[in-house]
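Trainee: sequence first, predicted model second:
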Amino acid sequence: MATTVLSLVLVACAPADSDDANPATTGTSLLPPTTAASPTAREIYDLVSPSVAFVETDVSTGSGVLFDNGWVVTNAHVVWPRDEVRLVFSDGEEHVDVPVHRYDDYIDLALLGPIETERNGIPLLDTIEVSTADEVYLIGYPAESETFPSPSITRGLVARLRLWEQTGLEFIQSDTAIAGGQSGGALVSAEGTVIGISGLTFSDAGFALSLPIDAVAATIADLITGASPQAFADSLASGPTTFQAEVRIRHAWDEEAFVFEGAAEPTVLTITGGSEPNLTVLDTFGEVIYPVADEEPETTGDSRVFTFDTRGFGPVYAFLTDRPVDSTLTVASDQQFVHVVDNDDARRARIGARIEGSFGIPGDYDWFSLQLDADESATISVDSLGDVELLIDRADNPSAVLAEDFDSGGGLFDSNPEVTFTAAEAAEYVIVVYEAFAEAPAGYVMTVE
C-alpha cells in the first residue's frame, strides 16, 4: 500500500518596516475566532458521568451508558454470559439483578434493563459530526475493584474514522487511554455530547475504537423490539439442567458442548460409546483447565471417565469430540450440567451463500458442509470483530487439513480470513470457522463465492 505524506509549511510574514510593527498584531492566525468557550473537562465530567454506570457480574466488570426510558447500553462481551447484572452510578445509586434484555454480538452491544431511576439519560442522536483531530473524552470504569467506584475520564484526539466495509459503519478511532473495564463507556465530544460507545482497542498502540452513537441508536431500537437483523446470539439453544444426555458426533470436526457451574469438588464426567472420545474444558476466559500436564481419562469397559476441577468457578465449558466416526454417545456426570445445542453446526453452504453465525461460548467452533464437484473452486471469507480463523477439510480426512487461513486481510482490523479451494474430487467438504483465542461472544458473516 502506497502512502502519500503531505508537508504543510506555515510562514508568518512581518512587514518590511518591522520597527513600526506592533508585535501583538503581526502575522496571520490560522484559527477562526472563538465565539463561545467550550466546556472544561471538569464540566464535561460533571455533565456526563452521572449517566455512566459501573456494570458488574460475577465474572467481569465494565461500563454502561444510561439512555431514555431506563435502558442501559454496554458491550456484549462485558456482561456475557450472564442474563442479570449489577449497576452502580457515581452517586452510589445501585440496581441489582438488572436483566440483560438482548445481545447483538455482531457489533458487540448488549441492552440492559429497563431500570427505574430519576436520573437523566443521555440523548440518542440520529446523526453526529466528528472529524479527525477533534478533541474527545472517554468516561468509564477501568480496572475497578471497588464495590461503589467513581468513574474515570481520559482525554485524546480522534485519530481517524475507520470504516468497516461489511456493515458500512465508521468506528471512531481515538488515542484516549482505554483499559479493561472501560468497555461500554461514553466517548464524549469537546462540546459535551456523547458521540460513541467505547469497547475495542486497535493495534499495539492501544487506540480506542468506539461505535458511533447514531449506529447505537438504531441498534437499540431493534434490540428493544427484538427486530435486530443480526440474531447471532440466538444461534445457541440450551437444554434443561441434567445429569445425563445422549449426543451424536458426526465426524472429527463435530463437537458437543456442556456448561457446568463451578463446583467445590472435582467433576466426574463419564462418556460411553463412540470410538475414542476426547474432552476439553475451558473457563469463561477461554483458558484450558482440562486437560493439563499429562492428564488422561480412565477407561472402564466401553466408557471413558474424565475428572476435572472447576475450582469452584463457573461457568466452565466442556467440549466433546471423537474420531471420524458417526456415533451416538451417552454423557453422564456427578454434577448437573446443561447440554448446549449449536444451531450453526451442520448447515449446508452453497456457492453464492451468505451465512450469519455466532461463537456463543468460549471454544465454540462452527462447521458447515459444502458439496463440490471435481475441479470446482470456492472462495470462502469470514467477516467479524473477533479474531476468526477458517479451514476446509474432508470430514473423514485423518491427516492435515486441506486449506486454512488466519488473516488474509479485509474487515475492520484488516485481518479477516479467506480461503480459495479447488476440489480434487467430487465430495462433501467441511468448512470450519473458529476464534483464535477461544473467546466469546462474537458474531460473523461467512460468504461463499
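Mentor: Thanks, I have it.

Trainee: do a quick rundown of the strands in the stretch 151-300 of the chain.
Mentor: Assigned by DSSP state E, counting those that start in this stretch, the strands in the stretch 151-300 of the chain fall at 152-164, 169-174, 186-189, 194-202, 207-212, 236-249, 256-260, 267-272, 278-282, 288-290, 298-300.

Trainee: low pLDDT regions in the stretch 1-150 of the chain?
Mentor: 1-36 (pLDDT under 70).

Trainee: how about the helices of the protein, start to end?
Mentor: In the chain, helices defined by DSSP state H lie at 41-48, 76-79, 213-225, listed in chain order.

Trainee: packed most tightly, which of those helices would that be?
Mentor: Greatest average neighbour count among the helices of the chain goes to helix 76-79 (a mean of 26), per mean count of other Cβ atoms under 10 Å. Yep, even glycine has a C-beta here, placed from its N, CA and C like the rest.

Trainee: one step back: mind checking which of the strands of the stretch 151-300 of the chain is nearest Pro123?
Mentor: Nearest to Pro123, of all these, is strand 194-202, at 7.5 Å by Cβ to Cβ.

Trainee: tell me the angle that closest one makes with strand 169-174.
Mentor: 80 degrees (axes from the mean of the first three to the mean of the last three Cα atoms, to 10 degrees).

Trainee: let's have the helices of the chain in TSV, adding distance to Arg248.
Mentor: Shown next, in TSV, are the helices of the chain (distance: least, Cβ to Cβ, whole Å):
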stretch	distance to Arg248
helix 41-48	52
helix 76-79	30
helix 213-225	34
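
Trainee: what's the closest of those helices to Thr201?
Mentor: helix 76-79 (12.1 Å).

Trainee: ok so, going back, hey, which of the strands of the stretch 151-300 of the chain is tucked in deepest?
Mentor: Of the strands of the stretch 151-300 of the chain, strand 186-189 is the most buried (mean count of other Cβ under 10 Å), at a mean of 27.

Trainee: before we move on, the earlier item: tell me which of the helices of the chain lies nearest to Glu404.
Mentor: Closest among those, once you apply Cβ to Cβ, is helix 76-79, at 25.7 Å.

Trainee: neighbouring contacts of the closest one?
Mentor: 55, 57, 60-64, 85, 100, 103-105, 108-110, 112, 183-184, 199, 233, 439-441 (Cβ atoms under 8 Å, 6 or more residues apart in numbering).

Trainee: circling back: which one, of the strands of the stretch 151-300 of the chain, ends up nearest to Pro324?
Mentor: Comparing the strands of the stretch 151-300 of the chain by Cβ to Cβ, strand 236-249 comes nearest, at 9.4 Å.

Trainee: re earlier: among the strands of the stretch 151-300 of the chain, which is nearest Trp80?
Mentor: Closest among the strands of the stretch 151-300 of the chain, once you apply Cβ to Cβ, is strand 236-249, at 11.3 Å.

Trainee: list the helices and strands the closest one packs on?
Mentor: strand 256-260, strand 316-321, strand 327-342 (3 or more Cβ pairs under 8 Å, 6 or more residues apart in numbering; DSSP states H and E).

Trainee: listing partners with orientation, what would you give for it?
Mentor: As defined by DSSP bridges, the strand partners of strand 236-249 come to strand 327-342 (antiparallel).

Trainee: pull out the buried positions in the strand it pairs with.
Mentor: Leu329, Val331, Ala332, Ser333, Phe337, Val338, His339, Val340, Asp342 (16 or more other Cβ atoms under 10 Å).

Trainee: swap in stretch 364-371?
Mentor: Asp364, Tyr365, Asp366, Trp367, Phe368, Ser369, Leu370.

Trainee: stretch 433-442 too?
Mentor: Neighbour-count burial for stretch 433-442 [16+ other Cβ under 10 Å]: Val433, Tyr434, Glu435, Ala438, Glu439, Ala440, Pro441, Ala442.

Trainee: let me see the mean pLDDT of it.
Mentor: The pLDDT scores in stretch 433-442 average 84.

Trainee: likewise stretch 374-383?
Mentor: 96.

Trainee: as JSON lines, the helices and strands packed on strand 236-249 with distance to Ser203 would be great.
Mentor: Shown next, in JSON lines, are those (distance: least, Cβ to Cβ, whole Å):
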{"stretch": "strand 256-260", "distance to Ser203": "33"}
{"stretch": "strand 316-321", "distance to Ser203": "30"}
{"stretch": "strand 327-342", "distance to Ser203": "32"}
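
Trainee: closest to Gln173 out of those strands?
Mentor: The nearest among the helices and strands packed on strand 236-249, by Cβ to Cβ, is strand 316-321 at 32.8 Å.

Trainee: give the pairing partners of that closest one; include direction for each.
Mentor: strand 256-260 (antiparallel), strand 278-282 (antiparallel).

Trainee: ok, which pair from the buried residues of strand 327-342 is furthest apart?
Mentor: The most distant members of the buried residues of strand 327-342, if one measures by Cβ to Cβ, are Ala332 and Asp342, lying 20.9 Å apart.

Trainee: follow-up on the earlier one: in a markdown table, list the helices and strands packed on strand 236-249 along with distance to Leu163 and mean pLDDT.
Mentor: Shown next, in a markdown table, are the helices and strands packed on strand 236-249 (distance: least, Cβ to Cβ, whole Å; pLDDT from 0 to 100):
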| stretch | distance to Leu163 | mean pLDDT |
| --- | --- | --- |
| strand 256-260 | 35 | 93 |
| strand 316-321 | 34 | 93 |
| strand 327-342 | 31 | 93 |
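
Trainee: how about Arg155, nearest residue that isn't a chain neighbour?
Mentor: Tyr137 (5.3 Å; Cβ to Cβ, 6 or more residues apart in numbering).

Trainee: how about the contacts made by that neighbour?
Mentor: Tyr137 neighbours (Cβ under 8 Å, 6+ apart): 41, 44-45, 48, 153-156, 176, 187-190.

Trainee: what are the bridge partners for it, then?
Mentor: Arg155, Val188.

Trainee: where's it relative to Arg394, distance?
Mentor: Distance, Tyr137 to Arg394, by Cβ to Cβ, to the nearest Å: 54 Å.

Trainee: for stretch 133-153, buried residues please.
Mentor: Quick answer for stretch 133-153 (16+ other Cβ under 10 Å): 134-142, 144, 149, 151-153.

Trainee: for the helices of the chain, which one sits closest to Ile289?
Mentor: Per Cβ to Cβ, nearest to Ile289 of the helices of the chain: helix 76-79, 20.3 Å.

Trainee: for the closest one, list the C-alpha coordinates in PDB.
Mentor: C-alpha atoms of helix 76-79 as PDB (Å, rounded to 0.1, in the frame of the first residue of the first chain):
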ATOM      1  CA  ALA A  76     -21.900  -7.700  24.800                       C
ATOM      2  CA  HIS A  77     -18.500  -9.000  26.000                       C
ATOM      3  CA  VAL A  78     -18.900  -7.100  29.300                       C
ATOM      4  CA  VAL A  79     -22.000  -9.000  30.500                       C
END
